[in-house]
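[1] Could you look at this predicted model? Sequence included:
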Amino acid sequence: MGHLDHAAYGWLTPALSYVMASIGAALGLRCTVRALATTGASRRNWLLTAASAIGTGIWTMHFVAMLGFEVTGTEIHYNVPLTILSLLVAMLVVGAGVFAVGYGKDRSRSLVLGGLTTGLGVASMHYLGMAALRLHGEVSYDPLTVGLSVAIAVFAATAALWAALNIKSPVAVAVASLVMGAAVSSMHYTGMMAVAVRVSPSDAVLPGATAMQFIFPLAVGLGSYLFITAAFVALSPTVGERGAGAAARHPGEATVTAH
């Protein structure tokens, strides 16, 4: 068995991956809160932004953490198509869960369905990303630990969607995002604890790209997307602010409406 190092750069990759997960969660929750306060195309657009933010945050968290993953006795490469597919899966399944909550008439049922769908999607993204690993040896998993990681993913997703439905204030959203980031990180490292690698030393060239060739540039790009989108959401007026602005511009109309 090869020795697995999950934090080859010390606390740098776990801490940075947690930050990325928390930012994605904060942005996604804030967009979902905005969506629930609107209707029509505006609701759809906010939900799409929420899905892309949460999905991107989860994916970036996973692969930033994987930058610190090393196996003694073998290099590690990544299959590019599978890695990109894992990103698309993260966005699609998170989107399904967010839209279930955003448009569901029965909120309790929507929460359960959305949490289950999103949680299973997060777990699928994780293990699809792991399937993209290319190394000299065989990767195996402990079924019980895998099951625990999936359960954590479902719990984390359900808690995040519950927060989107019930928490409105920015401070509460920030706290919920930190908890969500911790839950997603816990799911990742629980899943990694399930991994065992039997190394087969070889001089053959591994297919795929190294983490620094592919994962690092993509993670930087997606991280930039999260920060830019966060700035856009922070600067975008809420429904209440737009209403106050309209009332200030047309005080006479506001008075007539009030009567």
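    Nice, thanks for sending it over. Numbering: from 1, shown residues only.

[2] Tell me, please, where in the protein the pLDDT is lower than the cut-off.
    Within the chain, the segments meeting pLDDT under 70 span 1-2, 237-259.

[3] one more time with 80, if that's ok
    Filtered on pLDDT under 80, the chain yields the residue ranges 1-2, 107, 160, 164-165, 167-170, 173, 234-259.

[4] Any idea which residue is closest to the centre of it?
    residue 58 (2.4 Å; C-alpha atoms, centre = their mean).

[5] Give the buried residues for the helix or strand hosting that residue.
    Per DSSP states H and E: residue 58 is located in helix 40-66. Across helix 40-66, burial judged by 16 or more other C-beta atoms under 10 Å covers 43, 46-66. To be clear about C-beta, it is placed using only N, CA and C from the backbone, and glycine gets the same treatment.

[6] so where does the nearest residue to residue 68 once chain neighbours are set aside fall, helix or strand?
    In this structure, residue 68 finds its nearest non-sequential neighbour in residue 13, 3.4 Å apart by C-beta to C-beta, 6 or more residues apart in numbering. Element membership for residue 13 (DSSP H and E) is helix 12-36.

[7] For that helix, enumerate the helices and strands it packs against.
    helix 40-66, helix 80-103, helix 143-166, helix 170-193, helix 216-235 (3 or more C-beta pairs under 8 Å, 6 or more residues apart in numbering; DSSP states H and E).

[8] One more pass at 6 Å, please.
    helix 40-66, helix 143-166, helix 170-193, helix 216-235 (3 or more C-beta pairs under 6 Å, 6 or more residues apart in numbering; DSSP states H and E).

[9] can you list these in JSON lines and add distance to residue 124?
    Putting these into JSON lines (distance: least, C-beta to C-beta, whole Å) gives the following:
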{"stretch": "helix 40-66", "distance to residue 124": "11"}
{"stretch": "helix 143-166", "distance to residue 124": "9"}
{"stretch": "helix 170-193", "distance to residue 124": "11"}
{"stretch": "helix 216-235", "distance to residue 124": "18"}
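
[10] Could you look over the ones you listed and pick the most buried one?
    helix 40-66 (a mean of 23; mean count of other C-beta atoms under 10 Å).

[11] So which other helices or strands are in contact with the first helix or strand past that one going along the chain?
    Moving toward the C-terminus from helix 40-66, the next helix or strand (DSSP H and E) is strand 70-71. Here strand 70-71 touches no other helix or strand, going by 3+ C-beta pairs under 6 Å, 6+ apart.
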